[in-house]
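S.K.: For reference, the sequence and a predicted model appear below.
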Amino acid sequence: MSPTLASRDFVLSLRFPWSNFNPGEIVLVQHPEYHLIVKRVSFVDEHQIQLQGDNTASVSSELMGWIDLDNIVGKIIWHFPAPSS
Amino acid sequence: MVYQILSHFEKLIKFPSASAHCDIPCKIYDPISAQLATLSTIRFLDLINELQQKEKLSHNERAQLVRLIAEKETHAAKVKEEICIIWGDFFKQPQFQQFPDTHELVHSIMLAASACKQHTERSNGDKLLALVNQFAGYFWQAKGLETYTATCPYPPSEQVVYPKLK
């Protein structure tokens, strides 16, 4: 997710029962293959979303596949960048 | 300031760690690269030790010794690199739960490979191969494949762990 997020950054995610998800938002997802990942929502269907990374070398949306809404841990609402070393 | 406070809390309460997965996911992982580099390191150790038996080295033999030492360094470093890639990119929490001593094993491999770089005793290569084979066993088991051990059909003719692919 570079340059938006970098290694060692802290993020705070929240999800409420009424939460909805929109393209462009960053979410924390429990992916069946990649496990806990943080990615940007690229496309929203009724019960599923697609993800994309901000970095050109990111895993592609196709490889990450459709993500069930149940697998979304939460929306990133706060980002605490690690101090540059 | 907030980051420092969070870092402090993170040491007390381990926060879940999320990955951003920016590596290109070729998904092609195979410990055979590390195993071959280990076998090469052992082979170079053997050839170096053969030269050490001689009382006096010719000009050509000295040049060969320098080359063997350089290649031994290169291949021992390659072992470390290949193992680190699989450990860092392939192994995730489920695999670490399946093989809780993976971190310790990888660290042992790093130390054994460094010993191969620093010294010329064959026993260092033998130890490295045993550890890399153990790691290969973990890797294939994590992928749901059985393994078998066979003698590699080329020098240094050592025992290598292979996956049963049929």
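M.R.: Right, received. Where do you want to start?

S.K.: so is residue A:36 in a helix, a strand, or just coil?
M.R.: The three-state label given to residue A:36 by DSSP: H, G, I helix; E, B strand; the rest coil is strand.

S.K.: just checking, it touches residue B:16?
M.R.: Yes. With contact defined as CB atoms under 8 Å, residue A:36 counts as touching residue B:16 (6.0 Å). C-beta: built from backbone N, CA, C; applies to glycine.

S.K.: Between the two, point out the one with more neighbours.
M.R.: residue A:36 (15 against 10; other CB atoms under 10 Å in any protein chain shown).

S.K.: Name the residues of chain A found near chain B, please.
M.R.: A:1-2, A:5, A:10-11, A:28, A:34-39, A:53, A:55, A:57-59, A:63, A:80-83 (CB under 8 Å from any CB of the partner chain).

S.K.: So that I can see them in ChimeraX, could you write out a selection of the buried residues among those residues?
M.R.: Listed next is the ChimeraX selection for buried residues among the residues of chain A next to chain B, using 16 or more other CB atoms under 10 Å in any protein chain shown:
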select /A:1,5,10,11,28,34,37,38,39,53,55,58,59,80
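
S.K.: any residues touching whichever strand or helix holds residue B:49, and which ones?
M.R.: Taking DSSP states H and E as the criterion, residue B:49 maps to helix B:32-52. Helix B:32-52 is contacted by residues B:57, B:61, B:64-65, B:68-69, B:71-72, B:75-76, B:78-79, B:82-83, B:86, B:113, B:116, B:120-122, B:124-126, B:128-129, B:132-133, B:135-136, B:152, B:154-156, B:158, B:160-162 when judged by CB atoms under 8 Å, 6 or more residues apart in numbering or on different chains.

S.K.: For ChimeraX, what selects the buried ones among those residues?
M.R.: Applying 16+ other CB under 10 Å to the contacts of helix B:32-52, the buried members can be selected in ChimeraX as follows:
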select /B:65,68,71,72,75,76,78,79,82,83,86,113,116,120,124,125,126,128,129,132,133,135,136,156,158,160,161,162
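
S.K.: In chain A, what residue spans correspond to helices?
M.R.: Residue ranges of the helices in chain A, as given by DSSP state H, are A:61-64.

S.K.: Could you point out which residue ranges in it have low pLDDT?
M.R.: Scanning chain A for pLDDT under 70 picks out the ranges A:56-57, A:85.

S.K.: one more time with 90, if that's ok
M.R.: Low-confidence segments of chain A, defined by pLDDT under 90: A:1-8, A:18-19, A:31-35, A:45-47, A:52-65, A:81-85.

S.K.: where along it do the strands fall?
M.R.: A:10-14, A:26-31, A:35-44, A:48-52, A:67-68, A:72-80 (DSSP state E).

S.K.: which residue sits closest to residue A:68, ignoring its sequence neighbours?
M.R.: Closest residue to residue A:68 apart from its sequence neighbours, by CB to CB, 6 or more residues apart in numbering or on different chains: residue A:48 at 5.8 Å.

S.K.: What residues does the one you found make contact with?
M.R.: Residues near residue A:48 by CB under 8 Å, 6+ apart: A:66, A:67, A:68, A:69.
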